[in-house]
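Peer 1: Model the structure of this input:
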Amino acid sequence: MSVNWNDQTPIYRQLKQRVLGMMLDGLLKPGDALPSVRQVAAEYQLNPITVLKAYQELVDEELVEKRRGVGMYMTESALDKLLANERQRFIEEEWPAMLERIRRLGLDVGQLPGLMTTGGGK
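Peer 2: Here you go, the predicted model:
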């Protein structure tokens, strides 16, 4: 599988975001094993240390647990923690930028649902 990594963010962080996306999308569920470090390194042509660094951040955030000799597994509480963190990040970082863009475009937040269903007056 070919992956285009961007140059602005370290690859291990991009890989971590891919795993987080898999968790949010339900491709990984609580109790599921993550693909092995060797498997991911081979599939994406990465250094295993890069993969390990991404996985270690997930362990540090208590979204993944190491099971000695058997691999890494998504924790039972991972989805709840991840959703709480992502919601908070959205509210603090993304939503203010969206509101500013809406204001600049002269849109009314209350009218947005109607505009979205009608195609914005196209």
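
Peer 1: can we go C-alpha only for contacts and neighbour counts from here?
Peer 2: OK.

Peer 1: Low-confidence ranges, the chain, go.
Peer 2: Applying pLDDT under 70 to the chain flags the ranges 1-2, 118-122.

Peer 1: Kindly report the domain assignment for it.
Peer 2: Domain segmentation of the chain under automatic domain parsing yields 11-76, 79-118.

Peer 1: The ones you listed into CSV, with extra columns for mean neighbour count?
Peer 2: Converted to CSV, the domains of the chain look like this (neighbours: other CA atoms under 10 Å):
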stretch, mean neighbour count
domain 11-76, 16
domain 79-118, 12
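
Peer 1: Relative to Trp5, which of those domains is closest?
Peer 2: Trp5 sits nearest to domain 11-76 of all those, at 6.7 Å, using CA to CA.

Peer 1: returning to what we had before: how about the domains of the chain in CSV, adding distance to Asn4?
Peer 2: Putting the domains of the chain into CSV (distance: least, CA to CA, whole Å) gives the following:
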stretch, distance to Asn4
domain 11-76, 10
domain 79-118, 24
